[in-house]
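Undergrad: model the structure of this input:
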Amino acid sequence: AESGERKTTTDNLVRKAIFEYVEEYRSKKKAMEEELKLDQEVWELELKHLNRSLDKAIKTKDKAQIEELRDERRAHNADKPKDLGLLFNTVTDATAAAILRALEGDGKGITLHSSDSGNVLKRVDNDFISNSNLIWDGNDILVSRATSGDIAINSGRLTLSLMLQPKVLEQIIKKKDGLLRSSGFLARALVTYPQSTQGHRHGHMVSETEGEHLAKFHLRVENILKLSMHYQSHGEKVVLDFSPEAIHELRSFNSWLEELLLLDFSDIKDAVSKALNNTCRIAALLHAYDCDVENTSIGIQHVSAAISFMSFYLDEFKLLFGEKTLQQQAAEDADLLLAWVEKNHLYNRTLKFSWMQQRAPNSIRIKARLELALEYLVYIQRAGVWLDPNGRGGKLCSFIPAFGNYSCPQPQAYPQPQAYPQPQAY
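TA: Have a look, this model is predicted:
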């Protein structure tokens, strides 16, 4: 979203229950660290005593006592107090190495969330993308480094909730030579570009109804976190499956996705190829939110809702990263040209086309793109173009400012794929 869209405010509202629970968990952990420190000191003293006894037995060559002490040493090593750690954690900024270190062990999780994540993505390198993709795929990984040693991650869960401005993302993608897209990193994500609300936010108070809904949502999230903590602290895992009707619906959706690869979405095959996997994950989240996990069978209602969500995210991915139609490109270039005109106070002035070619934003100085942008502005009555009577076939242009509530008509959206049929009731 663009600057000023209140990304941080939205993030704080949605994630309030998570922030509070993690802080409470950290406070409890801190209170337990003193007890852990004492346990570790006692363990070290007992180890020294065992080592002295073992050393004495070795000197006297008492084989029976040596074996007995070796067994005691093994048992003592197994009882070594372990760092409490955080079964899950949330951070707003972290290096790739710090994230992998936080996931070390069994079943650890970390969420990296940021309402201004430009710097986070700028630091992303090949290793982090590769390991993130492996974790997303559900693989255990072993990272070996000469300086920091080995990091073994088993059943790790990495969640990225990143917000940034479109121009920043575009610059990062170009700087990294398309690595975020070609590696499959973006295809695994659910990407969206919310419509701007600036100019329409006249109320600043949360209504009573909205407050009630938020309170219910936060309470439900808190209960889910407590349930998750219970399972994690006991080393238990819950495996969800799909009902026969849900499986049938997923197979139908997969067939529809295959058709899209040959039709409207042929330019975003990377995202389409991950869509079924993401749909299953969304369905599992909806099921856990509505039903807990005592019922381990995901029904068709949650699969149908997940398909609707995934269809929306595919449309968004297409809009952001797919090949644009001429009309879409013309509309975007027209907005860019108008912004340049307004910045330089060029409204109601007669400008030569050749002069604009030398001074307009770099991306639209190409003759064909500048002409298309001007044609679009003429169509929406924001510009006029005519031949220069004193020139040799040259063009003159003039731009018209918007008045009052005037708004530019939006370009027709790219052709939509055939609507996915709604599932029959079972």
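Undergrad: okay, now Lys269: neighbour count?
TA: Residues within reach of Lys269, counting by other C-beta atoms under 10 Å, total 13. In this view, the C-beta of every residue, glycine as well, is placed from N, C-alpha and C.
Undergrad: cool, and the one 10 residues further on?
TA: As a burial measure, the neighbour count of Thr279 was computed by other C-beta under 10 Å and equals 24.
Undergrad: ok, Val143 next?
TA: Val143, neighbours per other C-beta under 10 Å, totals 18.
Undergrad: list the contacts of it.
TA: If you count contacts by C-beta atoms under 8 Å, 6 or more residues apart in numbering, Val143 has them with Leu100, Asn131, Asp150, Ile151, Ile153.
Undergrad: would TSV of those with distance to Ser308 be doable?
TA: Putting the contacts of Val143 into TSV (distance: C-beta to C-beta, whole Å) gives the following:
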residue	distance to Ser308
Leu100	35
Asn131	32
Asp150	43
Ile151	39
Ile153	33
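Undergrad: go through the residues you listed and name the one nearest Ala331.
TA: Set against Ala331, the nearest of the contacts of Val143 by C-beta to C-beta is Asn131 (39.2 Å).
Undergrad: what's the spacing between that closest one and Ala78?
TA: If you measure Asn131 against Ala78 using C-beta to C-beta, to the nearest Å, the figure is 30 Å.
Undergrad: now Ser183
TA: When distance is defined by C-beta to C-beta, Ser183 is 41 Å away from Ala78.
Undergrad: sort out which residues of whichever helix or strand Glu316 is part of are buried, please.
TA: Element membership of Glu316, judged by DSSP states H and E, is helix 300-321. Neighbour counts using 16 or more other C-beta atoms under 10 Å place 300-307, 309-311, 313-321 of helix 300-321 among the buried residues.
Undergrad: centre of the chain to the longest helix seen in the chain, how far?
TA: Counting residues, the longest helix in the chain under DSSP state H turns out to be helix 16-60. Taking C-alpha atoms, centre = their mean, to the nearest Å, one finds helix 16-60 lying 36 Å from the centre of the chain it belongs to.
Undergrad: before we move on, what about stretch 333-342?
TA: Average the C-alpha atoms of stretch 333-342, do the same for its chain, and the two points are 31 Å apart (C-alpha atoms, centre = their mean).
Undergrad: swap in stretch 377-397?
TA: Per C-alpha atoms, centre = their mean, the centroid offset for stretch 377-397 relative to its chain is 45 Å.
Undergrad: where do the strands of the stretch 151-300 of the chain begin and end?
TA: 157-162, 241-242, 297-298 (DSSP state E, counting those that start in this stretch).
Undergrad: any idea which of these is most buried?
TA: Across these, the average number of neighbours (mean count of other C-beta atoms under 10 Å) peaks for strand 297-298, which reaches a mean of 18.
Undergrad: Asn131 and Ala78: which is more packed in?
TA: Here Asn131 and Ala78 are compared on neighbour count by other C-beta under 10 Å; more neighbours surround Asn131, at 21 against 7.
Undergrad: check which helix or strand that one maps to.
TA: Here Asn131, judged by DSSP H and E, is contained in helix 126-136.
Undergrad: tell me the buried residues in that helix?
TA: Of the residues in helix 126-136, those scored as buried under the neighbour-count criterion (16+ other C-beta under 10 Å) are Phe128, Ile129, Asn131, Ser132, Ile135, Trp136.
Undergrad: before we move on, what about stretch 282-297?
TA: In stretch 282-297, counting by 16+ other C-beta under 10 Å, buried: Ile282, Ala283, Ala284, Leu286, His287, Ala288.
Undergrad: any idea what sits nearest the last one, other than its immediate chain neighbours?
TA: Distance criterion C-beta to C-beta, 6 or more residues apart in numbering; nearest residue to Ala288, sequence neighbours excluded, is Ile224 at 6.6 Å.
Undergrad: buried stuff in the helix or strand following the helix holding Asn131?
TA: For helix 126-136, the following helix or strand on the C-terminal side (DSSP H and E) is strand 141-145. Neighbour-count burial for strand 141-145, with 16+ other C-beta under 10 Å as criterion, is recorded at Ile141, Val143.
Undergrad: I'd like the average pLDDT over strand 141-145.
TA: Confidence over strand 141-145, taken as the mean pLDDT, stands at 83.
Undergrad: that one versus helix 126-136: what angle between them?
TA: 160 degrees (axes from the mean of the first three to the mean of the last three C-alpha atoms, to 10 degrees).
Undergrad: the contacts of Val143 in helices, which ones?
TA: Of the positions in the contacts of Val143, Leu100, Asn131 sit in helices, assigned by DSSP H.
Undergrad: and the contacts of Val143, which two are the farthest apart?
TA: The largest separation in those, counting by C-beta to C-beta, is between Asn131 and Asp150 at 13.4 Å.
Undergrad: any weak-confidence spans in this structure?
TA: Across the chain, the ranges flagged by pLDDT under 70 are 1, 83-88, 146, 148, 200, 202-208, 391, 403-426.
Undergrad: so how far is Leu162 from the closest residue to Gly118 other than its chain neighbours?
TA: Once flanking residues are discounted, Gly118 sits nearest to Val168: 4.4 Å by C-beta to C-beta, 6+ apart. Look at Val168 and Leu162: by C-beta to C-beta, they are 11 Å apart.
Undergrad: next: Leu286.
TA: Leu286 sits 22 Å away from Leu162, taking C-beta to C-beta as the criterion.
Undergrad: kindly report the same for Phe321.
TA: Distance of Phe321 to Leu162, given as C-beta to C-beta: 16 Å.
Undergrad: before we move on, what about Phe19?
TA: Relative to Leu162, Phe19 is positioned 17 Å away (criterion: C-beta to C-beta).
Undergrad: still on that earlier bit, and the buried residues of helix 126-136, which is closest to Asn362?
TA: The closest of the buried residues of helix 126-136 to Asn362 turns out to be Ile129 (C-beta to C-beta; 29.0 Å).
Undergrad: Asn362: neighbouring residues, count only.
TA: A count of nearby residues for Asn362, using other C-beta under 10 Å, gives 6.
Undergrad: likewise for the one 3 residues further on?
TA: Counted with other C-beta under 10 Å, the burial measure for Arg365 works out to 13 neighbours.
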